[in-house]
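Visitor: What follows is a protein structure lacking sequence information:
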């Protein structure tokens, strides 16, 4: 995947030989992997027509490994912050984080995601000049947008504070938060460079080192200053992330290129034009999260907001492994096949299949062990978040299924369709949150999240079906139904049964889900890609032939 001194780029290189195939993901090319030097970088491509299950699992392992490190570090960080701040202070941190995310989504103008697409396309063409120009423009635009975003938040600090908290007590904190916006935008630009060139290992290192060093820096700030240290801690974490991502981005051996004013203006306009849809999407998603936090804050106060933040953080913890790997490696690969609908459909089916199998055990485990996990990661004071957490979990289950399809719209750059689906989802999510939080309290926010993804699934499938002829493969549909059935069984067990039997059902479903996913993944990628201890476990319970353990 990656080779050399952190400067290898992987990209498919096709020989163009056509083979019979169908529109639902069957191979249609006989492609050879080749390595082509580009400005000191080697673009090495896997054969596009071959099954990508093993590649998906490898990239998921790399990104998931860094995410696991983040999770372990995050457990320590979250536990300490929860103990130091309590539910109210944790809710305050969640509110500030939401402000940062919304402002960043506007300030970035979508260039992080459009930059990934532009760079991936440039790498796929093997055009040295195009690669250098795209990277240079991305870096310059990122700095300008970071400064603009910071100034924007500082300028409107008073109305933002009043909208969020209902008073002007936190104006100073919002003003200082503008620095976090600046550093986050810089970090996003460098991450786009690494992702577009598919430097998956470097992205993993940036994530892991950022989490570790950010924790070391932020915890003492919270310890000494408590609530007053929340914003300085967020700024420090953002600064660390920017510094690390910038350092790794500079390791790429990209040629220096001088751009005239007209060239810079034209390339910038192209980058920003492509980024508009991404900006709107990011703003809507972050804005929806921000709006729901305000709804919860007004209904349940800072303590309720802290409980919601805890449920949200834990509910998306494991699924974040899967979704982050999906966006990191899958999206650039999909972009490189935008003119080949059969290949796109095959990639989406394979990504969705692996994602469902990886996500299943984690979602069920979070459902079944939610009180224990909340007490472990936070404290006993956060146990009332269990109700909203379980609803968020089944919403996350649907998100894993629908997101691979959504990437078709993104990769095809169908901006109108993309924005329309995001607006529709946002309106439904916020509207349901407003109604259900009023009716059911904190749990209503989780119900709204789940219902919004039911709506999203029904909305997105016919759109991509019309766009590329996509439809679920039989195996993929079966895996999705099993995933939903197991997740739904664990959820309903806690909703309908007494505590003891509910835990028994949850643990039983967890065991079934884990064994099913492990056996299915072994079948997809072959035993040579699976650790021996997993093979031995599956052999012990009779799910695979013991002789397969000895296969290379």
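Guide: Received it, and whenever you're ready, just let me know what you need. In this text, all values refer to a predicted model and were calculated from it rather than measured experimentally.
Visitor: Flag the shaky bits of the stretch 1-150 of the chain, pLDDT-wise.
Guide: Applying pLDDT under 70 to the stretch 1-150 of the chain flags residues 1-68, 70-71, 74, 124, 126.
Visitor: how about the strands in it?
Guide: Under the criterion DSSP state E, counting those that start in this stretch, strands of the stretch 1-150 of the chain are mapped to 9-10, 35-38, 41-44.
Visitor: and residue 69, how far is that from residue 309?
Guide: In this view, residue 69 and residue 309 are 22 Å apart by C-beta to C-beta, to the nearest Å. Any C-beta I mention is one placed from the backbone N, CA and C, and that applies to glycine too.
Visitor: now residue 78
Guide: 10 Å.
Visitor: More neighbours: the two, which one.
Guide: Between residue 78 and residue 309, counted using other C-beta atoms under 10 Å, residue 309 has the larger neighbour count: 25 against 21.
Visitor: Any figure for the gap between the residue lying closest to the more buried one once chain neighbours are set aside and residue 424?
Guide: Among residues not flanking residue 309 along the chain, residue 94 sits closest, at 3.5 Å (C-beta to C-beta, 6 or more residues apart in numbering). Separation of residue 94 from residue 424 (C-beta to C-beta): 26 Å.
Visitor: ok, these two, which is more surrounded?
Guide: The residue with more neighbours, out of residue 94 and residue 424, is residue 94; 24 against 16, by other C-beta under 10 Å.
Visitor: Which residues are in contact with that one?
Guide: Contacts for residue 94 (C-beta atoms under 8 Å, 6 or more residues apart in numbering) come out as 293, 305-306, 308-309, 312.
Visitor: element containing the spatially most central residue of the chain, please.
Guide: By C-alpha atoms, centre = their mean, the mean C-alpha position of the chain lies nearest to residue 324, the distance being 3.7 Å. Residue 324 belongs to helix 317-325 when assigned by DSSP states H and E.
Visitor: from what I can see residue 449 touches residue 394, true?
Guide: No: under the criterion of C-beta atoms under 8 Å, residue 449 makes no contact with residue 394, lying 9.0 Å away.
Visitor: Show me which of these two is the more surrounded one.
Guide: Ranked by neighbour count (other C-beta under 10 Å), residue 449 and residue 394 place residue 449 first, with 28 against 24.
Visitor: With residue 393 as the reference, measure out to the more buried one.
Guide: Distance from residue 449 to residue 393, counting by C-beta to C-beta: 10 Å.
Visitor: Same question for residue 503.
Guide: The spacing between residue 503 and residue 393, counted by C-beta to C-beta, is 15 Å.
Visitor: what's the answer for residue 367, then?
Guide: 5 Å.
Visitor: Quick check: neighbours shared by those two?
Guide: In contact with both residue 367 and residue 393: 487, 491, using C-beta under 8 Å, 6+ apart.
Visitor: the more surrounded of residue 503 and residue 393?
Guide: Shown here are residue 503 and residue 393; by other C-beta under 10 Å, residue 393 has more neighbours (29 against 17).
Visitor: where does the stretch 401-550 of the chain have low pLDDT?
Guide: Using pLDDT under 70, the stretch 401-550 of the chain drops low at 525-550.
Visitor: The helix or strand hosting residue 464: what's the following helix or strand?
Guide: In this structure, residue 464 sits in helix 442-468 according to DSSP H and E. Going down the chain from helix 442-468, the next helix or strand is helix 474-496, by DSSP H and E.
Visitor: Pull out the buried positions in that following helix.
Guide: For helix 474-496, a neighbour-count test (16 or more other C-beta atoms under 10 Å) marks 476, 479-480, 482-484, 486-487, 489-491, 493-494 as buried.
Visitor: Throw those residues into a markdown table and include distance to residue 232, thanks.
Guide: Below are the buried residues of helix 474-496 laid out as a markdown table (distance: C-beta to C-beta, whole Å):
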| residue | distance to residue 232 |
| --- | --- |
| 476 | 47 |
| 479 | 46 |
| 480 | 44 |
| 482 | 47 |
| 483 | 42 |
| 484 | 43 |
| 486 | 44 |
| 487 | 40 |
| 489 | 45 |
| 490 | 40 |
| 491 | 40 |
| 493 | 44 |
| 494 | 40 |
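Visitor: Next, count neighbours for the nearest residue to residue 270 once chain neighbours are set aside.
Guide: Nearest non-adjacent residue to residue 270, counting by C-beta to C-beta, 6+ apart: residue 118, 7.5 Å away. Other residues lying near residue 118 total 26 when counted by other C-beta under 10 Å.
Visitor: try the one 3 residues further on
Guide: Neighbours of residue 121 under the rule other C-beta under 10 Å: 18.
Visitor: For residue 402, see how far away the nearest residue to it once chain neighbours are set aside is.
Guide: Spatially, and ignoring its direct neighbours in sequence, residue 121 is nearest to residue 335 (6.3 Å; C-beta to C-beta, 6+ apart). For residue 335, the distance to residue 402 equals 19 Å [C-beta to C-beta].
Visitor: who's more crowded, the two?
Guide: Set side by side, residue 335 and residue 402 give different neighbour counts by other C-beta under 10 Å, the larger being at residue 335 (23 against 18).
Visitor: What score does the more buried one have for pLDDT?
Guide: On pLDDT, residue 335 comes in at 76.
Visitor: wait, what's in contact with it?
Guide: 116-117, 120-121, 124, 411.
Visitor: coming back round to it: now the element after the helix holding residue 324, going C-ward?
Guide: Following helix 317-325 toward the C-terminus (DSSP H and E): helix 331-335.
Visitor: what about that next one, distance to the chain center?
Guide: Distance, stretch centre to chain centre, for helix 331-335: 15 Å (C-alpha atoms, centre = their mean, to the nearest Å).
Visitor: One more: stretch 80-92?
Guide: That offset, for stretch 80-92, works out to 25 Å (C-alpha atoms, centre = their mean).
Visitor: residues contacting residue 110?
Guide: Residues in contact with residue 110 (C-beta under 8 Å, 6+ apart) are 272, 274-282.
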